[in-house]
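Enquirer: Quick one, structure for this:
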Amino acid sequence: MTSISGDIVSAARSLAALQGYVQHDGRPYVEYPPLLPTILAPIKLIGIDPVHSVRFLNAFCFGLIIFVAGRWLCRSIDSLALALLGTAAVVLSLPLISVTNYAWSDPIFALFLLLFVFEIEKYLENGEAASFYLSICYAALCCLARYIGVSAILTGMILLIIGRKDALRTRFKRVLVFGFLAALPTLVWLLRNYSITAGATGERGASEITFAKNVYYAASILSGWFLPGQIPVAPRIIVLGLILAGMAAWLIRSAGSSRQDETAGAKIQKVLPSFALVVVYALTLLIVASIVALDRLSSRFLAPIYVPVFLLLVFIVDDVRQAAIRVFFRKAVNVVFVGAFLLWLLFPLRYVTRDVRHFARNGAGGYSSVQWRSSDLIRYLEQQPLDGRVYSNEPYAVHILTGLPAALSPRKHLFNAPKSRTEDLALFTEALASGRETRLVWFANVDRPYLYDIDELGESFTVEVLEKRLDGSVYLIK
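Expert: This next block holds a predicted model:
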């Protein structure tokens, strides 16, 4: 069962009901791009709710990522054994499995990001118009899936300048065409958002996490992809630094040899799109996370580049293997490289097996977890639907699990931005003055420090307990 994201599900339901991109609380859907709810809405029209259809969509995207990555490996490296093991590593990629577990846009974003990389690679290799326009389509879809998809557009523009030896005027012309067409759908969406709300991407505070701190978080996440979590962060980051230094040395050596050696040039052209995307995506993410208050960087934010990073590593490892064969016995070298890869695969296999068992016992997580599905307060709301206006410190759970529309209870400040201020308390007071009964569904196990708690609300309003359950309460606010 897929864990559920309330914004996307409610927007898809609203779109299927021909009410436009609207969230369950009546506010416009602007914080995220429109691709995923747009895909889920037509499926809702044939009777499959987004809560259920998204799990099949995610499974399809994950399967297609495995197929595309495996096909690239089989066509790009000489060792079939390493290609198959690399494909197995994609199957066991915990970062991708984790995001596929949720009703998020990450799986479809990761798929289009991968397809973009491979299509722009084809264009750089053969200059075919079909590959050029397909790369534009995939870059545009990346942006429509997640705003950070702009990194695909930036990557494409850079590669069109440095990746081919056409006349400079021709390259600049293609850069302009690529950038305009790839960005156009998202620009239209942002203009729509700006015309109906105060901000084109919703209310977002300023980040209080420095760029250096975000670099540290990213390094600890990336190192955790390749080394067990039992190893302390500092040694893991050192090993990651050595891996990155080795990759940089390989790229520099291959780039230097490419002028005299066509084979080396072909290798650089093969990995340049993946390398450029990884660098541009990571820098874009670090800069944005240091300016805008997001969740603290986690594996989710970096998961879309897991496959490009891994394919790049496997390609370099295979090239090193071929160099070693020229010095040592072929069979001995193959045994060492394949054996080392097999041993490393035990690491992701262990963690994936552990997590799958956890999901089987406790649900996929989020609102699909056993904890939420067995909530005493949710069970009460199902049996006693509330009239009037409903607020909650977890409105998505209320809407997804009971169908009741609920708004987020008043915020003291914007998410992860303690220095910001909101007008929520004044708007809440105005809503109370309208005369409609207002109830607050408060879950005791939900911690959102940016919301006013019950005691703080009690300083400004009369708060009366209507129903007390094991994991929370329902209050009447006057």
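Enquirer: A129 is in contact with K122, correct?
Expert: No - in this structure, K122 is not within contact of A129 by C-beta atoms under 8 Å, at 11.2 Å. (Each C-beta comes from the backbone N, C-alpha and C, glycine too.)
Enquirer: quick one, which of these two is more surrounded?
Expert: K122 (16 against 8; other C-beta atoms under 10 Å).
Enquirer: that's a helix at that one, yeah?
Expert: Yes - counting by DSSP: H, G, I helix; E, B strand; the rest coil, K122 is located in a helix.
Enquirer: Find the nearest non-adjacent residue to it, please.
Expert: Using C-beta to C-beta, 6 or more residues apart in numbering and skipping residues adjacent in sequence, the residue nearest K122 is S131, 4.1 Å away.
Enquirer: Look up how far A83 lies from G202.
Expert: Taking C-beta to C-beta, to the nearest Å as the measure, G202 falls 43 Å from A83.
Enquirer: ok, the two, which is more surrounded?
Expert: A83 (21 against 16).
Enquirer: residue ranges for the strands of the stretch 251-400 of the chain, please.
Expert: Taking DSSP state E, counting those that start in this stretch as the criterion, the stretch 251-400 of the chain carries its strands at 389-392.
Enquirer: can you give me the helices in the stretch 201-350 of the chain?
Expert: Using DSSP state H, counting those that start in this stretch, the helices found in the stretch 201-350 of the chain span residues 211-226, 233-257, 262-291, 299-302, 306-325, 330-362.
Enquirer: quick one: which of those is nearest L432?
Expert: Closest of the helices of the stretch 201-350 of the chain to L432 is helix 262-291, at 35.7 Å (criterion: C-beta to C-beta).
Enquirer: Quick check: mean pLDDT of the closest one?
Expert: If you average the pLDDT over helix 262-291, you get 87.
Enquirer: That helix to helix 306-325, inter-axis angle?
Expert: Here helix 262-291 runs at an angle of 150 degrees relative to helix 306-325 (axes from the mean of the first three to the mean of the last three C-alpha atoms, to 10 degrees).
Enquirer: L240: neighbour count?
Expert: For L240, using other C-beta under 10 Å, the count is 20.
Enquirer: Return the distance of it relative to K213.
Expert: 17 Å.
Enquirer: Can you point out the buried residues in the helix or strand containing L432?
Expert: Assigned by DSSP states H and E, L432 belongs to helix 424-433. Within helix 424-433, the residues scored as buried using 16 or more other C-beta atoms under 10 Å are D424, L425, F428, A431, L432.
Enquirer: repeat for stretch 414-425
Expert: For stretch 414-425, using 16+ other C-beta under 10 Å, the buried residues are L414, F415, N416, A417, S420, T422, D424, L425.
Enquirer: Turn these into JSON lines, including secondary structure.
Expert: Formatted as JSON lines, the buried residues of stretch 414-425 follow (three-state DSSP):
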{"residue": "L414", "secondary structure": "strand"}
{"residue": "F415", "secondary structure": "coil"}
{"residue": "N416", "secondary structure": "coil"}
{"residue": "A417", "secondary structure": "strand"}
{"residue": "S420", "secondary structure": "coil"}
{"residue": "T422", "secondary structure": "coil"}
{"residue": "D424", "secondary structure": "helix"}
{"residue": "L425", "secondary structure": "helix"}
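Enquirer: Identify the farthest-apart pair in the residues you listed.
Expert: N416 and L425 (19.3 Å).
Enquirer: residue contacts, the residue nearest to E121 when sequence neighbours are not counted?
Expert: The shortest distance from E121 to any residue other than its chain neighbours is 4.5 Å, reached at P273 (C-beta to C-beta, 6+ apart). Residues near P273 by C-beta atoms under 8 Å, 6 or more residues apart in numbering: V117, F118, I120, E121, L124, T155, L159, G163.
Enquirer: Name the pair among the residues you listed with the greatest separation in space.
Expert: F118 and G163 (13.8 Å).
Enquirer: Let me see the backbone angles for the most centrally placed residue in the chain.
Expert: Residue closest to the average C-alpha location in the chain (C-alpha atoms, centre = their mean): D106, at 3.6 Å. When read as degrees, to the nearest 10, the backbone of D106 gives phi -60, psi -40.
Enquirer: If anything else comes up later, I'll come back, but that's it for now.
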